[in-house]
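Student: sequence and computational prediction follow.
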Amino acid sequence: MLALEDFALAGRVGPVSGEFRAGRLTLLIGPNGSGKSSLLAGAAGLAEGEGRVRLAGRDLDAFDLFELSRHRAMLTQQVPLPQGLRGYELLALAAEPVGGVSEALCRAIAALAPELGLEPLYDRPLAALSGGEQQRLLIAKTVLQLDPKVNPDGALLLLDEPLAGLDWRHQLATLGLLRRCADRGLAVVASIHDINLACQFGDDIWCLHRGRLAARGGPEVVTPELIAEVFGVRVRLLEQDGARLLLPDTEAGC
Ligand SMILES: Nc1ncnc2c1ncn2[C@@H]1O[C@H](COP(=O)(O)OP(=O)(O)OP(=O)(O)O)[C@@H](O)[C@H]1O
């Protein structure tokens, strides 16, 4: 779906080659400054670098901004929000690329609301919401932009640290939502700092280290050796009933 060929942003990331595939949930892990946001920005067409980036076989440069926003949605970190806006008004902005608020969008919002606990936020100004409450609205707005009831052209969903600021329940709800977006055919890519959740939910894990791919593959590529090399943290691998848990080895010192 989204193919990177020797993509690089000088001093930030790359060269990286690979594909974010339709129907897959790809989770990017890596230490602070390893290039996750830069890679996502390049994949979204928000940062122009070297190499080629193609969406459904077409160079990203060939899309105009309006067309691009019908095909891909991106949640960026620390977006400055118009603080006077109310929760529902923020959600309604998801309809901008598809020609305004419609009955279909209202139905899509109503369908998503229980999962992310959105209803109590509808009438409240953003300035009066907690960080996690704002984040839930932003995740919903990003997902709604590609909701098939609203936009038939959606292909690629990119989220930079969607779990930042969320409590455990809403982290799991968000990952479940991303899973379903992938299951209905989108290529879904998100950066995430919780390595165990990445391994539990990701179809594909891309582990970045100093701008390069240190490992890529299924959750089994995330080993104690990789974590020690990339994060400089010692962990133990616990496996039970097919589940894998990486536990920091505090006795060995981090
Ligand atoms: N706009 C920018 N201009 C120049 N360098 C940048 C810019 N944004 C980030 N960098 C640098 O690029 C590198 C990769 O940063 P990036 O934000 O992609 O990392 P990250 O893996 O997303 O980190 P984090 O986990 O802290 O969010 C870092 O060294 C950072 O200092």
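Tutor: Structure received. Numbering: from 1, shown residues only.
Student: Leu60 against Gly49, yeah?
Tutor: No - at 10.5 Å, Leu60 does not count as touching Gly49 under the criterion of Cβ atoms under 8 Å. All C-beta spots, glycine's among them, are computed from the backbone N, C-alpha and C.
Student: quick check, pLDDT for Val98.
Tutor: You'll see Val98 listed with a pLDDT of 71.
Student: what's near enough to touch it?
Tutor: Counting by Cβ atoms under 8 Å, 6 or more residues apart in numbering, Val98 makes contact with Arg70, Leu105, Gln145, Val150, Asn151.
Student: wasn't Ser37 part of a strand?
Tutor: No - Ser37 is assigned helix when assessed by DSSP: H, G, I helix; E, B strand; the rest coil, not a strand.
Student: and the gap between Phe66 and Arg244?
Tutor: 43 Å (Cβ to Cβ, to the nearest Å).
Student: which of those two has more neighbours?
Tutor: Arg244 (15 against 10; other Cβ atoms under 10 Å).
Student: follow-up on the earlier one: any chance of TSV for the contacts of Val98, columns neighbour count and distance to the ligand?
Tutor: Formatted as TSV, these follow (neighbours: other Cβ atoms under 10 Å; distance: Cβ to the nearest ligand atom, whole Å):
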residue	neighbour count	distance to the ligand
Arg70	18	26
Leu105	21	31
Gln145	24	22
Val150	22	29
Asn151	23	27
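Student: please enumerate the shared neighbours of Leu60 and Gly49.
Tutor: If you check Leu60 and Gly49 against Cβ under 8 Å, 6+ apart, no residue is contacted by both.
Student: count the neighbours of the residue nearest to Leu85 when sequence neighbours are not counted for me.
Tutor: Using Cβ to Cβ, 6 or more residues apart in numbering and skipping residues adjacent in sequence, the residue nearest Leu85 is Leu126, 5.3 Å away. Leu126 has 19 neighbours, counted by other Cβ under 10 Å.
Student: kindly report the same for Thr223.
Tutor: Neighbour tally, Thr223, other Cβ under 10 Å: 14.
Student: list phi and psi for the residue nearest to it when sequence neighbours are not counted.
Tutor: Closest residue to Thr223 apart from its sequence neighbours, by Cβ to Cβ, 6+ apart: Leu237 at 7.0 Å. Main-chain torsions, Leu237, degrees, to the nearest 10: phi -100, psi 120.
Student: pretty sure Leu237 is touching Leu245, no?
Tutor: Yes - Leu237 lies in contact with Leu245 (Cβ under 8 Å); the separation is 7.5 Å.
Student: what's next to stretch 115-133, contact-wise?
Tutor: For stretch 115-133, contacts defined as Cβ under 8 Å, 6+ apart pick out 81-88, 90-91, 109, 112-113, 134, 136-137, 139-140, 165-167, 170, 173-174, 176-177.
Student: so of those, which ones are in helices?
Tutor: Among the contacts of stretch 115-133, DSSP state H puts 87-88, 90-91, 109, 112-113, 134, 136-137, 139-140, 170, 173-174, 176-177 in helices.
Student: circling back: take the contacts of Val98 and lay them out in TSV including secondary structure and pLDDT.
Tutor: Formatted as TSV, these follow (DSSP: H, G, I helix; E, B strand; the rest coil; pLDDT from 0 to 100):
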residue	secondary structure	pLDDT
Arg70	helix	93
Leu105	helix	90
Gln145	coil	94
Val150	coil	87
Asn151	coil	90
